[in-house]
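[1] Predicted structure and sequence below. I'll ask about it afterward.
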Amino acid sequence: MKVVKFGGSSLANGEQFQKVVNIINADAERKVIVTSAPGKRFDRDTKVTDLLIDYAQYTCKKQETALIFKQIWARYQEIADYFHIAAEQLAPLRQELATLPANKYRSQAVLLATFKAHGEKLNAQLLTLILQKKQIAARYLDPQPAGFEVGGPANDAHILPQTYQNLQRWQEPATLLVVPGFYGINENGEIATFSRGGSDITGAIWARGLQADLYENFTDVNAIYAANPQIIKHPQAIKVMTYREMRELSYAGFSVFHDEAIIPAIEVQIPINVKSTNHPELPGTMIVTEKEFKPQHVITGVASSNHFSALYLHRYLLNKEVGFTLKLLQIFYKYNISYEHMPSGIDDLTVIFDKRQFTAQVRDQMCNDIRAMLAPDYLEWIDDYAIIMVVGEGMRNKIGVMKNITAPLAQKHVAIHMINQGASRISIMLGTKRADAAAAVTQIYQQFFN
Ligand SMILES: Nc1ncnc2c1ncn2[C@@H]1O[C@H](COP(=O)(O)OP(=O)(O)O)[C@@H](O)[C@H]1O
Ligand SMILES: N[C@@H](CC(=O)OP(=O)(O)O)C(=O)O
């Protein structure tokens with residue numbers, strides 16, 4: 001049995017929906033279908049999720065919502081028209097979208113999550129109507145009756161362990177199940193969404209809950225490539241890679257698959273196949289365990305990500321001072337800030353953060369606390385920070401990899417601010433300026449693949 005997730009680009013318009021219907025039809029093993037919200041139809045288009053965020057914000061500010069509602073509904077209407085879905089069948093969906101501003105919410109965060117989730121909720125219902133019109137037995141299954149339970153913040157939820165048990169009762173579905181991605185239901189019965197791109201996580205959770213043989217993730221590229229195709233023209237496709245390679249690469253910028261979506265699949269070792277909706281006949285990329293993997297290259301991929309900041313601290317004899325890091329971590333805890341990496345020297349420490357956690361005010365208050373409580377000789381906040389991640393099972397026990405990474409960067413005068421190798425034996429992380437990130441990826445890619 002296969003769980004199949006279709007990304008926003010695969011469900012962006014009527015033509016794409018038709019390809020999705022064909023893919024579902026082509027394999028009877030495809031029993032659970034996870035939908036995203038309609039994505040971009042062309043480069044400068046806006047994803048429905050982003051329109052829904054605007055809709056939520058106008059509602060919170062008590063501004064006029066008629067226009068944005070019209071814009072969002074037009075996306076669904078366009079798809080429905082392509083398949084000649086009757087107006088009376090669509091009316092409840094339209095009504096659900098229209099009444100969102102009038103409903104009561106416990107907080108603005110819950111309101112935002114509820115609005116956002118409707119991108120996938122309406123799309124799953126619409127796909128069900130389309131499948132039924134095509135005489136394919138299909139049923140829409142809402143996360144509430146499904147038992148898809150989540151905890152944590154309304155817009156950054158995590159799955160609760162009982163969900164896996166709850167989902168087991170859908171193991172032998174009588175008809176195709178169409179489920180919305182991206183959100184679940186919390187203990188208050190409210191909607192809570194995963195982080196952006198989180199429909200990939202929903203698919204992995206369903207695959208684990210149902211002990212699927214395969215989790216297929218359909219997207220708009222033919223495979224996962226060794227580098228982001230927005231940086232490298234026609235990069236090499238990766239045929240097979242391991243879970244942990246994918247986790248490191250998606251964490252550091254391979255946005256094609258959400259980094260958290262690997263975890264449920266690893267836990268029960270369900271293979272993942274990333275495939276193209278436009279070319280389903282192509283094999284795509286298989287993500288498997290290390291046992292099933294033989295490295296073909298020294299590195300499997302190189303990724304870059306720009307959403308980092310770093311805090312540099314210098315203090316003589318830092319290495320001798322008991323409790324310095326503990327106090328630092330307590331300050332982070334006070335501001336509810338998590339850190340990503342913390343490379344250190346004898347008198348120096350760099351802490352790398354996901355900068356999306358900070359407002360300017362929190363950053364300044366946190367730095368003031370650090371100055372007051374830890375009295376560093378020098379403190380610098382580095383806002384311009386990118387991370388380059390070079391990943392490959394093939395680099396374990398390989399001598400000279402570092403030279404092949406740094407030499408091509410030196411050729412292009414790319415300065416490296418930080419190197420972190422060790423804890424994960426299959427990756428090397430570099431810190432650079434944001435403006436250098438694309439050049440760094442290009443140089444490393446060319447060194448290893450051209
Ligand atoms: N290494 C990579 N291989 C393939 N695609 C990548 C890679 N890195 C980034 N991407 C981007 O990820 C996009 C697909 O992810 P996303 O837009 O989230 O798809 P979906 O709409 O299917 O969820 C691709 O169009 C591509 O631009
Ligand atoms: N629609 C949500 C969740 C998602 O997974 O979307 P996509 O499959 O288009 O990445 C978002 O835009 O974040």
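    Nice, I can see it. Quantities reported herein were computed from a predicted structural model and do not represent experimental measurements. Ligands and ions are numbered 1, 2, ... in the order given.

[2] For the rest of this, base every contact and every neighbour count on C-alpha atoms.
    Fine.

[3] Tell me the buried residues in the longest helix anywhere in the chain?
    With residue count as the measure and DSSP state H as the assignment, the chain has helix 108-133 as its longest helix. Within helix 108-133, the residues that qualify as buried are 110-131, counting by 16 or more other CA atoms under 10 Å.

[4] What helices and strands are in contact with the following helix or strand past it?
    With elements assigned by DSSP states H and E, the helix or strand that comes after helix 108-133 is strand 138-140. Helices and strands in packing contact with strand 138-140 are listed as helix 108-133, strand 176-180; criterion 3 or more CA pairs under 8 Å, 6 or more residues apart in numbering; DSSP states H and E.

[5] Leaving out the residues flanking it, which one is nearest to Ile416?
    Nearest residue to Ile416, sequence neighbours excluded (CA to CA, 6 or more residues apart in numbering): Thr432, at 5.2 Å.

[6] show me the residues around that neighbour that make contact.
    Residues in contact with Thr432, defined by CA atoms under 8 Å, 6 or more residues apart in numbering, are 385-388, 414-418.

[7] at 6 Å what do you get?
    If you count contacts by CA atoms under 6 Å, 6 or more residues apart in numbering, Thr432 has them with 385-386, 416-417.

[8] Now stretch 412-431: buried residues?
    For stretch 412-431, by 16+ other CA under 10 Å, it's 414, 416, 419-420, 426-431.

[9] and which of those residues is nearest ligand 1?
    Each of the buried residues of stretch 412-431 was scored against ligand 1 by CA to the nearest ligand atom, and Ser427 proved nearest at 15.5 Å.

[10] got the contact list for that closest one?
    Taking CA under 6 Å, 6+ apart as the contact definition, Ser427 lies against 390-391.

[11] next one: phi and psi at it?
    With angles defined as degrees, to the nearest 10, Ser427 sits at phi -150, psi 150.

[12] now the longest helix of the chain, how far from the centre of its chain.
    Relative to its chain's centre, helix 108-133 lies at 18 Å (CA atoms, centre = their mean, to the nearest Å).

[13] That one to strand 176-180, inter-axis angle?
    Computed with axes from the mean of the first three to the mean of the last three CA atoms, to 10 degrees, the direction of helix 108-133 lies at 150 degrees from that of strand 176-180.

[14] Most widely separated two among the buried residues of stretch 412-431?
    Of all pairs drawn from the buried residues of stretch 412-431, the greatest distance, 22.9 Å, lies between Val414 and Ile426 (CA to CA).

[15] Give me the helices and strands touching the worst-scoring helix or strand of the chain on mean pLDDT, please.
    Least confident helix or strand, the chain: strand 418-421 with a mean of 88, by mean pLDDT, DSSP states H and E. Helices and strands touching strand 418-421, as assessed by 3 or more CA pairs under 6 Å, 6 or more residues apart in numbering; DSSP states H and E, comprise strand 427-432.

[16] Pairing partners for the strand it packs on, with directions?
    Strands adjacent to strand 427-432 in the sheet, as given by DSSP bridges, are strand 378-391 (antiparallel), strand 418-421 (antiparallel).

[17] Buried residues, whatever helix or strand comes next after the first one. List them.
    Stepping forward along the backbone from strand 378-391, the first helix or strand reached (DSSP H and E) is helix 401-411. The neighbour-count criterion (16+ other CA under 10 Å) identifies 405-406, 408-409 as the buried residues of helix 401-411.

[18] want to throw these into CSV with pLDDT?
    Putting these into CSV (pLDDT from 0 to 100) gives the following:
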residue, pLDDT
Ile405, 95
Thr406, 95
Pro408, 96
Leu409, 97
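
[19] Report the contact partners of the most centrally placed residue in the chain.
    Per CA atoms, centre = their mean, the C-alpha nearest to the average position across the chain is that of His258, at 2.8 Å. When contacts are counted by CA under 6 Å, 6+ apart, His258 touches Asp200.

[20] any idea how far Glu281 is from ligand 1?
    With distances defined as CA to the nearest ligand atom, to the nearest Å, the gap from Glu281 to ligand 1 amounts to 17 Å.

[21] Same check on Lys320?
    With the distance defined as CA to the nearest ligand atom, Lys320 ends up 42 Å from ligand 1.

[22] Tell me how far that residue lies from ligand 2.
    As judged by CA to the nearest ligand atom, Lys320 and ligand 2 stand 45 Å apart.

[23] how many neighbours does that residue have?
    Lys320 is flanked by 10 other residues according to other CA atoms under 10 Å.

[24] Look up how far Met342 lies from it.
    Lys320 is 17 Å from Met342, where distance means CA to CA, to the nearest Å.

[25] And Asp54, by the same measure?
    Asp54 sits at a distance of 36 Å from Met342 (criterion: CA to CA).

[26] Likewise for Ala375?
    Taken as CA to CA, the spacing of Ala375 relative to Met342 amounts to 19 Å.

[27] Run through the bridge partners of the nearest residue to Ala226 once chain neighbours are set aside.
    Across the structure, with CA to CA, 6+ apart as the measure, the residue nearest Ala226 apart from its sequence neighbours is Gly301 (4.1 Å). Taking DSSP bridges, one finds Val391 as the beta-bridge partners of Gly301.

[28] rewinding a little: nearest to ligand 1 among the buried residues of helix 401-411?
    Distance ranking of the buried residues of helix 401-411 against ligand 1, using CA to the nearest ligand atom, places Ile405 first at 18.2 Å.

[29] contacting residues for the closest one?
    Remark: with contacts taken as CA under 6 Å, 6+ apart, Ile405 is in contact with Ile444.

[30] hey, what's Phe6 bridged with?
    With DSSP bridges applied, the residues forming beta bridges to Phe6 are Thr35, Phe218.

[31] That one - how many residues pack around it?
    By the criterion of other CA under 10 Å, Phe6 has 26 neighbours.

[32] And the residue in the stretch 351-450 of the chain positioned nearest to ligand 2, how far from Phe254?
    Here the residue of the stretch 351-450 of the chain nearest ligand 2 is Arg356; by CA to the nearest ligand atom that distance is 15.1 Å. Between Arg356 and Phe254 the distance, using CA to CA, works out to 18 Å.

[33] Pick out whichever of these two has more residues nearby.
    Phe254 (24 against 9).

[34] quick one, helices of the chain?
    Along the chain, the segments classed as helices by DSSP H run 14-25, 48-60, 66-82, 87-98, 108-133, 143-146, 162-168, 199-209, 243-251, 262-268, 324-334, 360-374, 401-411, 437-449.
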